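Undergrad: got a sequence here, can you model it:
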Amino acid sequence: MIDKIRLRVEGAKADTAHIKDWRRLDTHTGTGHLGNVKISQYLDGVGIIGSLAKYLNGENMTPLTRRGVETAIRKLETETGISLGAAIVTQIEVGKTCVVKRCPSEYIRLFGDPPRYGRHEYRRGGMVETVNYSTPHGSYSLCVYDKAAEMKGRGAKIPALFEACNCLRIEYGIDRRQGIKARFGHDLTAYDLFEYETYRRLQMLFLESYKAIPKTGRVVCLDKARQVTPAELEKQEAAAYREAHNDTHLAAIQTLKEAGAISDKNLERIRERDRRQRRDYTTSDVSPLIAELDGILERVVSSVV
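TA: Numbering: from 1, shown residues only. A predicted model of the protein is given here:
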């Protein structure tokens, strides 16, 4: 599941023999690529950034196993001429391409607004293709997007295993060195990435980040075992509308807030009501699409290979 990484190797000097597009910037610095991986020579060391999966296999739809991560790092060592045992990981991305039953956009639209993450949508032709989440200081992120559409947009070849499939990509990123230290209690080195405990911890962080995003599209249940008052029916209908039309619900709140018609206190009350509604499984159940996605990710994280 480990995909993109950024490494910093203090005091190292890259062997440019394998780097065909090496471009010298001055006497002591330069930059070039090993496939998709960018190598930068600085005065005080070397920077390495890129997708390990794409570097090893030519594409990153197919996930790397733990041993695949080791193979990619050993290959990097050979081609750069640098030992990566002490290379500090300053950024890491864990990703999974999920083959789902329906169009990816149907799942993407169900990813809601968490209280601590900023949410950003990317649309093309009026269709949502990507939703990005990030923390205020940029240490952590989650991205959900249509992987096949992204690859077709770049003119990249889709692996045979994923041809004619609905491919939903989910990526969890720890985007700063201090974020890695906060999650692990210490720096990570390149060799740590293929150790069992580190790999397992990254899998769990990936799943926890996915679960932290509230999901909409829940099925609101009608209680037919008892008499329902008009007020209760109206409440259930409102809940069903919010689940089916979350974008409209949020747009209405934003319009009223900007017009000064909702106070900060009432805005928090509305948000708390929405959060409470999502936790109330007596009146509503998880969306079938989210239940499908939950199952896929639970199975992925249940094994380490």
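Undergrad: so for stretch 34-52, what's the average pLDDT?
TA: Across stretch 34-52, the average pLDDT comes to 95.
Undergrad: how about stretch 261-281?
TA: The predicted model assigns stretch 261-281 a mean pLDDT of 78.
Undergrad: and what of stretch 125-136?
TA: The predicted model assigns stretch 125-136 a mean pLDDT of 85.
Undergrad: need the contact partners of it.
TA: Where contact means Cβ atoms under 8 Å, 6 or more residues apart in numbering, the residues beyond stretch 125-136 that reach it are 104-105, 108-109, 111, 114, 116-123, 140-146, 149-150, 213. Bear in mind the C-beta positions are built from the backbone N, C-alpha and C, glycine included.
Undergrad: list the buried residues of that stretch.
TA: By neighbour count on 16 or more other Cβ atoms under 10 Å, the buried set for stretch 125-136 is 128, 129, 130, 131, 132, 133, 134, 135.
Undergrad: again with stretch 250-262
TA: 250, 253, 262.
Undergrad: swap in stretch 144-153?
TA: By 16+ other Cβ under 10 Å, the buried positions in stretch 144-153 come out as 144, 145, 146, 147, 148, 149, 150, 151.
Undergrad: that stretch: how far from the chain's middle?
TA: Average the C-alpha atoms of stretch 144-153, do the same for its chain, and the two points are 14 Å apart (Cα atoms, centre = their mean, to the nearest Å).
Undergrad: on that earlier part again, among the contacts of stretch 125-136, which are located in helices?
TA: In helices, defined here by DSSP state H, the members of the contacts of stretch 125-136 are 104, 105, 108, 149, 150.
Undergrad: closest one of the buried residues of stretch 125-136 to residue 301?
TA: residue 133 (18.9 Å; Cβ to Cβ).
Undergrad: now name the helix or strand holding that closest one.
TA: Assigned by DSSP states H and E, residue 133 falls within strand 127-134.
Undergrad: note down every partner strand of that strand and its orientation.
TA: Applying DSSP bridges, strand 127-134 is found paired with strand 118-124 (antiparallel), strand 140-146 (antiparallel).
Undergrad: weakest of the ones you listed by average pLDDT?
TA: Mean pLDDT values for these show the minimum at strand 118-124, a mean of 84.
Undergrad: which residues sit against that strand?
TA: Residues from elsewhere that reach strand 118-124, judged by Cβ under 8 Å, 6+ apart: 111, 113, 128, 129, 130, 131, 132, 133, 134, 135, 136, 145.
Undergrad: what do you get for stretch 151-167?
TA: Under the contact criterion Cβ under 8 Å, 6+ apart, stretch 151-167 has outside partners 59, 61-62, 97-104, 146-148.
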